[in-house]
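S.K.: sequence? don't have it. structure:
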């Protein structure tokens, strides 16, 4: 399947999930708000994403909140494990700024002025850390997208880290085709996020519009990822 097929199919899926279904749309917003304001400690919206990743068609109803909570936490755990390399890099480079901070503080105590070298050194270390973490995050995302679909389809967290199966499946799709499809998804998300940002600036009702468009954008995103996975046999 082509990128345009993934995009159009995902858009139709997200539209079908909410358009003309006000109760469903409101429940999605409620789940979205609960997850966001509890910092995903009550990840019911993530649980709904798992049902999308499992390949259910049409878009599933928002129901069985207990299962959504459990599935959401499973997805949280998977995401946290995948983020460990990024966290480690940030910690290492954060620690690497300490000599510059200590030196700058000591010089500042003696002279009343923090040396420019200390400031530049600390900023340089932080920027390097963020850049490396960003690149690692992109690479991890490419792997994690397939991993979370495998988890959702099997119900097994271990399948999210079955790297032999993950790499084999991406290889069937074709690494270049897969990467281009994911990059296209990121571009589409950026465009929609920009539009939502503009709409959110509308006085009085902008925040409400952006709130109601958030869940459909998430549904579109994860349906796209699922369609990409399903474009070749498992």
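M.R.: Now that the structure is in, tell me what you want to look at. Quantities reported herein were computed from a predicted structural model and do not represent experimental measurements. Numbers count the residues shown, from 1 in each chain.
S.K.: Quick one: low-confidence residue ranges for this structure.
M.R.: 95-122, 125 (pLDDT under 70).
S.K.: go with 80
M.R.: 1, 93-126 (pLDDT under 80).
S.K.: what about the helices in it?
M.R.: 3-18, 22-37, 44-53, 65-96, 98-111, 116-154, 163-173, 175-200, 206-229 (DSSP state H).
S.K.: Contact partners for the spatially most central residue of the chain?
M.R.: By C-alpha atoms, centre = their mean, the chain has its centre lying nearest to residue 141, at 8.0 Å. Residue 141 sits next to residue 182 when contact means C-beta atoms under 8 Å, 6 or more residues apart in numbering. No exception for glycine: its C-beta is placed from N, CA and C like everyone else's.
S.K.: next one: residue 145
M.R.: Residue 145 touches 182, 225, 228, 229, counting by C-beta under 8 Å, 6+ apart.
S.K.: Just put the residues you listed in CSV and tack on distance to residue 34 and neighbour count.
M.R.: Putting those into CSV (distance: C-beta to C-beta, whole Å; neighbours: other C-beta atoms under 10 Å) gives the following:
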residue, distance to residue 34, neighbour count
182, 29, 19
225, 23, 24
228, 28, 24
229, 27, 23
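S.K.: Any chance of those in JSON lines with distance to residue 191 as columns?
M.R.: Formatted as JSON lines, the contacts of residue 145 follow (distance: C-beta to C-beta, whole Å):
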{"residue": "182", "distance to residue 191": "15"}
{"residue": "225", "distance to residue 191": "17"}
{"residue": "228", "distance to residue 191": "18"}
{"residue": "229", "distance to residue 191": "23"}
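S.K.: Pull up the gap between residue 63 and residue 124, please.
M.R.: Distance of residue 63 to residue 124, computed by C-beta to C-beta, to the nearest Å: 52 Å.
S.K.: So between these two, which is more surrounded?
M.R.: More neighbours surround residue 124 than the other of residue 63 and residue 124, with 14 against 11 (other C-beta atoms under 10 Å).
S.K.: and the gap between that one and residue 150?
M.R.: With C-beta to C-beta as the criterion, residue 124 and residue 150 are 39 Å apart.
S.K.: Ok, residue 215 next?
M.R.: 24 Å.
S.K.: who's more crowded, these two?
M.R.: Ranked by neighbour count (other C-beta under 10 Å), residue 215 and residue 150 place residue 215 first, with 26 against 20.
S.K.: For that one, give me its contacts.
M.R.: By C-beta under 8 Å, 6+ apart, the neighbours of residue 215 are 18, 25, 28, 29, 31, 32, 45.
S.K.: hmm, who's touching stretch 221-234?
M.R.: 1, 5-7, 9-10, 13-14, 49, 52-53, 55, 59, 145-146, 148-150, 153, 169, 172-173, 178, 181-182, 185, 188-189.
S.K.: and the residues you listed, which are buried?
M.R.: Neighbour-count burial (16 or more other C-beta atoms under 10 Å) applied to the contacts of stretch 221-234 gives 6-7, 9-10, 13-14, 49, 52-53, 59, 145-146, 148-150, 153, 169, 173, 178, 181-182, 185, 188.
S.K.: Name the nearest residue to residue 212, sequence neighbours excluded.
M.R.: residue 29 (6.0 Å; C-beta to C-beta, 6 or more residues apart in numbering).
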